[in-house]
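model this:
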Amino acid sequence: MKKTSVFLMFAYAVSNTAVASMSISADEPKTITADKIEYDIKSSTIKTSGQTEIINKSGQRMTLVDSYISQDGNNLTGDDIRLWIGDHVYIESANIERTGNTTVARDALFTACDNCDSFGDAWEISTYKIVYKMDERMLRFYSPVMWAYDIPVLWLPYFEMPDPGVKYKTGFLTPDFESTNKMGTQINIPIYVNFSDTHDMTATLSYLTQENPLFQIEHRLNASHSEYRTQASYTYNKAGESRWHIFNDDVIELGDNARATIFLERASDKTYLQKYGFYSDQPYLDSGAKLELFGQSSYVVADAHIFQEMRTEYRGNSTIPSGNILPNIRGVYQTQPLFNETYMTFITDILGVSGDGMSSQRLTGDARITSPWTLWGGNRLTLSLDARYDLYHFDNTDLVDAYDFSGFKNRFLPSGYAEWGLPMFRTSQNWTQVIEPRARLTVMRRTEDEQFSLNTDSAGTFLSDSTLFSDNRFSGYDLWENGTFADYGMRWSAFNNNDGSTAEVFLGQAYDFTDRAATDINSGYHHGASDYVARIGYNNNKWLDVATRFRLDRTDLALRHMETSMHLGTSKNFLNVGHIWSQQFEDTMAREDNINEAVIGAGIQLTNRWALRWNGIYNMTIGEFQRHTGGFFYEHPCYYLSIEYRRDNAVKEDYVGTTTFQFRFGMSIDGQRY
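Prediction:
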């Protein structure tokens, strides 16, 4: 009774004013502003006269004329209504009726582009009736006409969509179109299926004019301590072949100290993924599982890998193992400081590699003590001793000094190093500069006759600034360094205290005191002094970021290898350039052609909404693009579109490079894409 009395007193007070406001409904408060508000006690209804504005608890706003509203808000009628259901989204109607959870607007207009353009709404939908069911949160349009800048462009007998407040809703997504010179026009029709806020799926039917249909699916699930991702496709082509692929990646958190990963990458054949545009240049597909255990100072990982070769020609010196890996178990434990900062590290490895009729298993135990010291004048000295023991079992495996070897082998690899560095600082008002000479002497047991397998997990060695000051300069475990060698270099770096600009220059070299075992002649290592390696980088933290690393011949300083990357510009207007050049001497383990390849990307923001993007990979050795892509992109607050092309010049088995054109269009409503 108290609530009613207050309401009556307020209604009486405002009935004699030009503009009245009131709040109603305890469950869902609303604010009503009108020229005149009348309350009927008997029917518990509100009647407004003149211009009326209603704002509900969620902030949704409605303007109308001469309304009739029940006190609980479940029933409402009015004329000349405009209902805002988002920042730029509204429904305009000559008449609206609401009964319970159902609202019907007649002779209505819907748009999500209110005031998005100064010269008019980008798009709007006119219809003789819109039905909105609040419990379903769906807008249903009857005989809608879509207008673009006041021009009719599309009529449909029926159309429905979720209201802008709905994050996920099952239904069809906007189709996109592709056209290739091999399979004709491709029309992709996706349907989105929502199971819950953390579980959904997208299924796509692709119709191709010169090939049989393609089916695609993408499944996503986020659980409380895990996530699951699956992508797959299937087609039965006109040649009578079933072609497919499946990619799966699952991550499962097993408490605070453990994590499991399951991954699957398989395809029906070597060219399917490339022909249907699912990948670019992967040399292999990797399937398997991994279990990781974490401790405060320890780490254990157990994983297995089954590879599917995607290359037409396999090179024995590839960086990819020639067989499957099962098992691979690695454990690392690092002690707390024993004294000062001295600590010990224990490593155990179990590795099995099999494939192509061969197999090998390896058990490795490794114990190391490392003692870093900071001495007078800022000198830094690190001392380390290491003992490693390998036990191998081979079955029909090609070794460095034997073919099809079966049996056991073992080796003991004691080593130690002493590393020195002296960072010297100089600070001015604008720049802080550091010059640091660095040197390391490594002593190892000479093992030139015990290098073991060539092709199971090692791919030789390659001198670069990143391999200096490392224990093992080979890329794997089976081939190992031997003898005594030294690494030394000088690094200069600078940091601008005002704008964050950075610069760096490094120059280094290695020296082998003993004759090395036979390695790739392109590696850059020699008996005695190696080639020179260097890197130079600069980043002004605004519009320029450039870095290059290169190798110079030790005798005449001729360029042997160079990798360069550069970003010039901003995120919208930019030029990206990457380049790699490497001289290749003819050898049975190396390519005969020099490597000379450039990666170029560019973007131009033509207007606030139009942008042009392009990137390509150019093989300068043979003088042609491997592939290149580009297109126009348009981003509007209310919609988006793109027109792109892709050109792939690869030739592999039954696949010959194609050109693909793709068109995408979609709507954006309050930042959500449809």
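
could I have stretch 222-242 exported to CSV, CA atoms only?
C-alpha atoms of stretch 222-242 as CSV (Å, rounded to 0.1, in the frame of the first residue of the first chain):
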residue,chain,number,x,y,z
ASN,A,222,36.4,-24.5,-24.2
ALA,A,223,36.1,-26.4,-20.9
SER,A,224,37.1,-25.2,-17.4
HIS,A,225,40.6,-26.5,-17.7
SER,A,226,40.9,-27.5,-21.4
GLU,A,227,40.3,-26.4,-24.9
TYR,A,228,39.6,-28.4,-28.1
ARG,A,229,40.0,-27.3,-31.7
THR,A,230,39.2,-29.4,-34.8
GLN,A,231,39.2,-28.5,-38.5
ALA,A,232,38.3,-31.0,-41.2
SER,A,233,37.2,-31.3,-44.8
TYR,A,234,36.1,-34.0,-47.2
THR,A,235,35.3,-34.3,-50.9
TYR,A,236,34.7,-37.1,-53.3
ASN,A,237,36.1,-35.6,-56.5
LYS,A,238,35.1,-36.3,-60.1
ALA,A,239,38.1,-38.6,-60.6
GLY,A,240,36.4,-41.0,-58.0
GLU,A,241,38.9,-40.2,-55.2
SER,A,242,38.0,-39.5,-51.6
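
show me where the stretch 501-650 of the chain has strands.
Under the criterion DSSP state E, counting those that start in this stretch, strands of the stretch 501-650 of the chain are mapped to 502-512, 528-539, 544-552, 559-569, 574-582, 595-605, 610-619, 624-635, 639-648.

Relative to Ala108, which of those strands is closest?
strand 639-648 (20.5 Å; C-beta to C-beta). Just so you know, the C-beta spots here come from the backbone N, C-alpha and C atoms, and that holds for glycine as well.

right, so of the strands of the stretch 501-650 of the chain, which gets closest to Arg137?
Of all these, it is strand 639-648 that lies closest to Arg137, at 21.9 Å by C-beta to C-beta.

What strands flank the helix or strand following that closest one, and is each parallel or antiparallel?
As assigned by DSSP states H and E, the chain's next helix or strand after strand 639-648 is strand 651-652. Neighbouring strands of strand 651-652 in its sheet, by DSSP bridges, are strand 655-656 (antiparallel).

any idea which helix or strand comes after the strand it pairs with?
Taking DSSP H and E, what comes next after strand 655-656 is strand 659-669.

Report all helices and strands that that following strand contacts.
Strand 659-669 sits against strand 176-180, strand 639-648, with contacts defined as 3 or more C-beta pairs under 8 Å, 6 or more residues apart in numbering; DSSP states H and E.

Just send the ones you listed back as TSV, with distance to Asp114 and mean neighbour count too.
Supplementary listing: the helices and strands packed on strand 659-669 in TSV, determined by distance: least, C-beta to C-beta, whole Å; neighbours: other C-beta atoms under 10 Å:
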stretch	distance to Asp114	mean neighbour count
strand 176-180	27	19
strand 639-648	14	17
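
Pipe those into a markdown table and attach distance to His199 per row.
Below are the helices and strands packed on strand 659-669 laid out as a markdown table (distance: least, C-beta to C-beta, whole Å):
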| stretch | distance to His199 |
| --- | --- |
| strand 176-180 | 25 |
| strand 639-648 | 26 |
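
of all those strands, which lies closest to Thr127?
Going by C-beta to C-beta, the one of these nearest Thr127 is strand 639-648, 18.9 Å.

Summarise which helices and strands that closest one is packed against.
Against strand 639-648 (3+ C-beta pairs under 8 Å, 6+ apart) you get strand 624-635, strand 659-669.
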